[in-house]
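**Student:** how would this look folded up:
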Amino acid sequence: MTSDQLVTAYGFVGAGEITAAIVEGIHTDAADSPAIFLSPRGHDVARELAGRYANIQVCDSNQTVLDSDGVPDSVRRALDRILVRLRG
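**Tutor:** Residues are numbered from 1 along each chain as shown. Below you'll find the model as predicted:
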């Protein structure tokens, strides 16, 4: 992504205080907020945020978040390499 491209989606695995603060910050400045994908981990926070903001989707699994447009391909490739090593 170049510096002149806008982020169109974010994905978060785990929805806690830090995720909530980031999501609220995104909504403070963005006239047209990007799509946000939250994992079911931290269900109460995720549901509360989804109830406040129409652009938030609470996914069925962490994998669904990772497969979303909110996670860059470079991050997916790094995670794949880590998983291969862990499964060894």
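
**Student:** so which residue is smack in the middle of the protein?
**Tutor:** residue 11 (1.3 Å; Cα atoms, centre = their mean).

**Student:** am I right that it is in a strand?
**Tutor:** Yes: when classified by DSSP: H, G, I helix; E, B strand; the rest coil, residue 11 is found to be part of a strand.

**Student:** was I right about it contacting residue 63?
**Tutor:** No: between residue 11 and residue 63 there is no contact under Cβ atoms under 8 Å: 10.9 Å. For the C-beta atoms, the positions are set from N, CA and C on the backbone; glycine is no exception.

**Student:** residues touching stretch 43-55, excluding its own?
**Tutor:** Here stretch 43-55 makes contact (Cβ atoms under 8 Å, 6 or more residues apart in numbering) with 15-17, 19-20, 23, 27, 33-36, 38-40, 56-58.

**Student:** so what pLDDT did residue 1 get?
**Tutor:** According to the prediction, residue 1 has pLDDT 46.
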